[in-house]
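*Asks:* would you be able to build a 3D model of this:
(chains A, B, C and D)
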Protein chains: 4
Amino acid sequence: MTEEIGVGMVGHAFMGAVHSHAWRSVHRFFDVPLTPRLAVLGGRDPVRTKDAAAKYGWAAAETDWRALVARDDVGLVDICTPGDTHAEIALAALAAGKHVLCEKPLANTVAEAEAMAAAAEEAATRGVRSMVAFNYRRVPAIALARRMVAEGRIGEIRHVRAVYLQDWLSDPASPMTWRLRKEKAGSGALGDLGAHIVDAAQYVTGDLITGVSATTETFVRSRPDEDGVGVGEVTVDDAAVFLARFSSGALGTFEATRYALGRKNAMRLEVNGTRGSLAFDFEAMNELSVYSADDGSAAGFRRILVTEADHPYVGAWWPPGHLLGYEHTFTHEAADFLTAIGGGVDPAPSFADGLRVQRVLAAVEESAGQQSTWTTIGDVR
Amino acid sequence: MTEEIGVGMVGHAFMGAVHSHAWRSVHRFFDVPLTPRLAVLGGRDPVRTKDAAAKYGWAAAETDWRALVARDDVGLVDICTPGDTHAEIALAALAAGKHVLCEKPLANTVAEAEAMAAAAEEAATRGVRSMVAFNYRRVPAIALARRMVAEGRIGEIRHVRAVYLQDWLSDPASPMTWRLRKEKAGSGALGDLGAHIVDAAQYVTGDLITGVSATTETFVRSRPDEDGVGVGEVTVDDAAVFLARFSSGALGTFEATRYALGRKNAMRLEVNGTRGSLAFDFEAMNELSVYSADDGSAAGFRRILVTEADHPYVGAWWPPGHLLGYEHTFTHEAADFLTAIGGGVDPAPSFADGLRVQRVLAAVEESAGQQSTWTTIGDVR
Amino acid sequence: MTEEIGVGMVGHAFMGAVHSHAWRSVHRFFDVPLTPRLAVLGGRDPVRTKDAAAKYGWAAAETDWRALVARDDVGLVDICTPGDTHAEIALAALAAGKHVLCEKPLANTVAEAEAMAAAAEEAATRGVRSMVAFNYRRVPAIALARRMVAEGRIGEIRHVRAVYLQDWLSDPASPMTWRLRKEKAGSGALGDLGAHIVDAAQYVTGDLITGVSATTETFVRSRPDEDGVGVGEVTVDDAAVFLARFSSGALGTFEATRYALGRKNAMRLEVNGTRGSLAFDFEAMNELSVYSADDGSAAGFRRILVTEADHPYVGAWWPPGHLLGYEHTFTHEAADFLTAIGGGVDPAPSFADGLRVQRVLAAVEESAGQQSTWTTIGDVR
Amino acid sequence: MTEEIGVGMVGHAFMGAVHSHAWRSVHRFFDVPLTPRLAVLGGRDPVRTKDAAAKYGWAAAETDWRALVARDDVGLVDICTPGDTHAEIALAALAAGKHVLCEKPLANTVAEAEAMAAAAEEAATRGVRSMVAFNYRRVPAIALARRMVAEGRIGEIRHVRAVYLQDWLSDPASPMTWRLRKEKAGSGALGDLGAHIVDAAQYVTGDLITGVSATTETFVRSRPDEDGVGVGEVTVDDAAVFLARFSSGALGTFEATRYALGRKNAMRLEVNGTRGSLAFDFEAMNELSVYSADDGSAAGFRRILVTEADHPYVGAWWPPGHLLGYEHTFTHEAADFLTAIGGGVDPAPSFADGLRVQRVLAAVEESAGQQSTWTTIGDVR
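*Replies:* Have a look, this model is predicted:
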């Protein structure tokens, strides 16, 4: 049994449930240098937090995140709250010398993200590690896609097309949630879904977005309140579409929406290069389609079932053809973070990477507010 | 046997071959009011034109298109030339009282298209019919998609995503063709491929594009000449991407490219509405995927094999499950045009519809030249 | 223009329509040494035959097939009738020195097929050619599959699984047709559909079936008569399933049915070998899926769009990605037959090949009648 | 926190790893009446068993399964060993009043399975529960398929086609394992893979197999030993194919093989009825394809993403479109077993169900040994 590290996690909704599973399971499958101990769960409501702690296997519960961060038995803080509290929790935890895993998008504003990236850089000099939770990088098929690009199998990249399509707002009678309020969520489909495809596109191509032209839309501007009584105002985008240019010269198209009826979780990425092409759909997340011009008259998109022992992350799991699911990506994320902490290296994606995504999201909003005029993205230091 | 109509066709390359097949075959499958007679084929080179006429079954050959238009045995002129000659041939034919079928895009400029639409409108008052050859409207699956939208099964439309992906320019060593020269082709992927998806998106949704934000790119600016000796300059776009707004408020994303390696003819259209969704891919042109929210917990995209007798155009062909191919769309087009001529009604898509597409293409180029700034599309007439 | 050959065709239903199209079109796309002239169409009803001749482009009509065979302007007899008349027409035509194309299955009994194969062999010594119309060999994807097996890319074959699924009898209220009467059709799904997959499996693998174990079933034993008044007895199988052994040692499973609801024309073939695998579905007839063990960790079934110029038959048609349909297989068949006649060689599949399939079908019926006991197939000379 | 139940598990290879995960996780997602405590892990090698216990989270290790069964802190025995020891462990555990979960196939012979079913029936009178681990019943898509059949949506069933295709023996150089030795495994692909599809076919249709006609094959009869030195004899089947009849009259075809190159875990099931059809492939285990004749001209196979809250088991997990993986089926199995124990009811599939499958496997072997002669399956009491 390796040394333990106490985890304190803030937030116990959807992300809290899946992160809990990762912390409980990671060392059962991966040889990690540190074994996570589920020390304490943080939440605002004392009863619900205590119940969640019991259900998810946490040893204690705290209603004050500052107390959670300060505990001696916490060496790692995992932030699973809405975006409006990421910055203050992360800054406090880093200052306290705790390693920090922060859900995406990194923050609700570029200014917050800049402060977080700066704090993370400073903390790293003290051996304190931080990572932003772009879990889709840990889908084996996505990691394999990146590997194939890096190996040169795709050649010079010409086109990227990325969509993230969901449909849970298609019905105008669906009620309000915090995700539809700008003060909590920062933005709508853009930050929730668009952040994932921006990060995935940059990760797979190994390239950065340098400019965008964008439009956003809120199709349904008021919805029934959560309490079923009143009506709430939707203050975020329902959908965001944008064109992009990568530093390599490649062209990109992006779309994030919650109104694509029938598409439940269609995070799709296609890349076309001079030697090959890649296609991925999260609704079939164990598959990667790859085209290689080298295959000549027998060329066609190969449906690779990414379940072989030599595919990324897969060796820890089952024999070929036995599929992995959504929560495995978080287990992989936990493994990578623990491995970096144990190895004394900075993990990726860093807060600086999260800031880079944030800048792209901000440029999308800026362009959308200026008649879609092309908007360039400033360099991260 | 119904009355005959003499057809004079100008151009005998790819489009000429497939149009010839349609004129030879249409009355063998469809009950058309007029039987086409392949009267005369026009081309510039006398030997090649005569050979093509023999191969494709034309009774005569002409090297002067004006002579072809003037012949007494020609009642219908079919224009299969590059875009730079569409306008003059069409105007002359309409003036001569000949019905005109014109390949897409309608013209190389909005001004030409305006003149053609005006001439067509005037000719219609004399009983002379004209149609632009957007053959994809005659894919049974596309026609079925339109029918489903018109019946209200998709509801109010929120999103359209349309791509037309080919890959024949991926290799920088591929030689020049007339399609890469602006003076012949007008534009590149935009006019060749983009015109199809703009028309198809408007046709299926029954809605018009009101504005765009666009970027275009020429990845490879010089290529080996056709003669294998020199080097030619590519003066058209290799790829065009644009955002669009429809008059209904729906958002659209469009992409036309010849650099999507492995995608041979991927003209894809997806439509998301408040009641259902549609998805089509020309590489599987006999299928339409349809999602209906009414299906409840058994909802999923239905792969409809559009080969049933009650699907558009299909009753004329084979039993269910026996696929149709590319050239069938032209046979359907010929059937529709002959039916309109025989019935004394104006067929669709009209030259005015072609002009509408032309205006969208022009707006794309304008926006691309002005930092992607949103560009509205003026009304036709 | 090449020399003409007069074609006399007997039968003008479904097969007659599609064969007519092939004879009209073949020389427009393929460089064949003989140009078919649609000389005369044979049928029993004088009015309907004459109408069909006009519709399909035949110069004359005959109600007596013996007269048709005897005509001087007929050099090739094409037999598109139900199976009960194949033998007598073919024998007469071969005796009269006419080349013969005969629809599948070759005959209704092994005895008939033996007589036909013997006659064909004798006729060949006089330069008279014969071919059985297993048109699925002319699907480009099937021909490519055979080529890949022949090139050794699949290795030693272990498994074949072949199904031909239709659903037009699923409804017990569907009326009788000649296809449900043993005296006309010989057998039901077995001869109609099973014959195709037996031939295709042997063609693609280059191997022969040596024995079978089988069961057949008639789910609905009486149906409304064609006249809508009485009730007819179904005297053929609705479905046939059988296990098979190939001479290579490979195992096969086969199923032919008209009760697979939702499967319209699912003629599917899968082959697994020691180096690779193949999968084909006629409902997506332009695609071949190929797996190669050589692809290592990037291995997956490749969806080859069989529309490249170097794929079998495709060079005569359109650019990549432009699909072919059902009737193209008959055009290819006509091209192959005319090429063999012109070249003075025997075409494949020969009547002996048709006999071989007939023996397999007979063994299936024999095994099904004997508690599925393994039944071996006698050698064709 | 609910009452605990101590689990003793025998075996810590592939099945042991995945069962451990289920026992650790089940109460974190499902409201089960008993919380499993991972009391003791059994294995033959003391060091490896102790290591496995630590890795998988078991409190203790035992090398004597009889001691494990006898422990007071064990209320439930989970048998994950090869088939040759299932009977004796299960009989001892039931006699000791311990609930028993036993991996499939239930036993290596019908005689053993009969003894086990009898013991289970007797134990049930004492409130001791038993279940055989056909985990594929717990795939949400399979459970949904059964629900749809039970609701009458598929109508009267005509056809079942079931294959279970893997490829890990395609390479003749792959070494021996216990799975290739008859004395350990009982049979080869038949018991390992065929058992799953027999159970799944009977489960989904709600119908039983009454007779079979079969052939089996061992393609490669000797392989390198595990130690890399000698050569071992393969004493089980490599592949088994069989025809089947269901008590409803439906026809079935079955195939189990480890030589289907490129098919990693293709457990596929298709069902055709008079009102609808179903298709499932374990390589896309979150999807169920359903065809309904009621959909009229808009009918097509619906790809249902079985991730909605009202789909079986799914409500315990993530939002729509977030996929489940292989090990979830075991978590569902654990939930069902604990629920049955807590509720005082007998769970399914019972040992009697396991015996029924065993009888089918025995009939397959018997038929294969008798020239594929049809072999009926005796009734389970």
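*Asks:* give me the beta-bridge partners of A:S292?
*Replies:* Bridge pairing for A:S292 (DSSP bridges) gives the partners A:G276.
*Asks:* which residues of the stretch 1-150 of chain A fall in helices?
*Replies:* Here the stretch 1-150 of chain A has its helices, by DSSP state H, counting those that start in this stretch, at A:14-29, A:46-56, A:65-70, A:86-95, A:110-125, A:140-150.
*Asks:* can you check the pLDDT for A:V380?
*Replies:* Confidence at A:V380, expressed as pLDDT, is 44.
*Asks:* ok so, going back, quick one, which of the helices of the stretch 1-150 of chain A gets closest to D:T125.
*Replies:* helix A:46-56 (35.8 Å; Cβ to Cβ). For the C-beta atoms, the positions are set from N, CA and C on the backbone; glycine is no exception.
*Asks:* what mean pLDDT does that closest one have?
*Replies:* 97.
*Asks:* for stretch A:287-303, same thing?
*Replies:* 96.
*Asks:* on that earlier part again, take the helices of the stretch 1-150 of chain A and write them to CSV, including distance to D:Y259.
*Replies:* Below are the helices of the stretch 1-150 of chain A laid out as CSV (distance: least, Cβ to Cβ, whole Å):
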stretch, distance to D:Y259
helix A:14-29, 30
helix A:46-56, 44
helix A:65-70, 56
helix A:86-95, 53
helix A:110-125, 53
helix A:140-150, 26
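*Asks:* a markdown table please, covering those and showing distance to chain B and mean neighbour count.
*Replies:* Below are those laid out as a markdown table (distance: least, Cβ to the nearest Cβ, whole Å; neighbours: other Cβ atoms under 10 Å in any protein chain shown):
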| stretch | distance to chain B | mean neighbour count |
| --- | --- | --- |
| helix A:14-29 | 21 | 22 |
| helix A:46-56 | 27 | 17 |
| helix A:65-70 | 38 | 18 |
| helix A:86-95 | 29 | 22 |
| helix A:110-125 | 22 | 19 |
| helix A:140-150 | 13 | 22 |
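*Asks:* can you tell which of the ones you listed is closest to chain C?
*Replies:* With Cβ to the nearest Cβ as the measure, helix A:140-150 is the member of the helices of the stretch 1-150 of chain A nearest chain C (7.3 Å).
*Asks:* export the closest one as PDB, just CAs?
*Replies:* Once non-C-alpha atoms are left out, helix A:140-150 reads as follows in PDB (Å, rounded to 0.1, in the frame of the first residue of the first chain):
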ATOM      1  CA  PRO A 140      -8.700   6.700 -24.500                       C
ATOM      2  CA  ALA A 141      -9.900   7.400 -28.000                       C
ATOM      3  CA  ILE A 142      -9.100  11.100 -27.600                       C
ATOM      4  CA  ALA A 143      -5.700  10.400 -26.100                       C
ATOM      5  CA  LEU A 144      -5.100   8.000 -29.000                       C
ATOM      6  CA  ALA A 145      -6.100  10.700 -31.500                       C
ATOM      7  CA  ARG A 146      -3.500  13.000 -30.000                       C
ATOM      8  CA  ARG A 147      -0.900  10.300 -30.100                       C
ATOM      9  CA  MET A 148      -1.600   9.700 -33.800                       C
ATOM     10  CA  VAL A 149      -1.300  13.400 -34.600                       C
ATOM     11  CA  ALA A 150       1.900  13.700 -32.600                       C
END
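*Asks:* which strands and helices sit next to it?
*Replies:* helix A:195-205, strand A:266-273, strand A:276-281, strand A:287-292 (3 or more Cβ pairs under 8 Å, 6 or more residues apart in numbering or on different chains; DSSP states H and E).
*Asks:* taking strand A:276-281 as reference, get the angle to it.
*Replies:* If you take axes from the mean of the first three to the mean of the last three Cα atoms, to 10 degrees, helix A:140-150 sits at 160 degrees to strand A:276-281.
*Asks:* including mean neighbour count, could the helices and strands packed on helix A:140-150 go into TSV?
*Replies:* Formatted as TSV, these follow (neighbours: other Cβ atoms under 10 Å in any protein chain shown):
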stretch	mean neighbour count
helix A:195-205	24
strand A:266-273	24
strand A:276-281	24
strand A:287-292	24
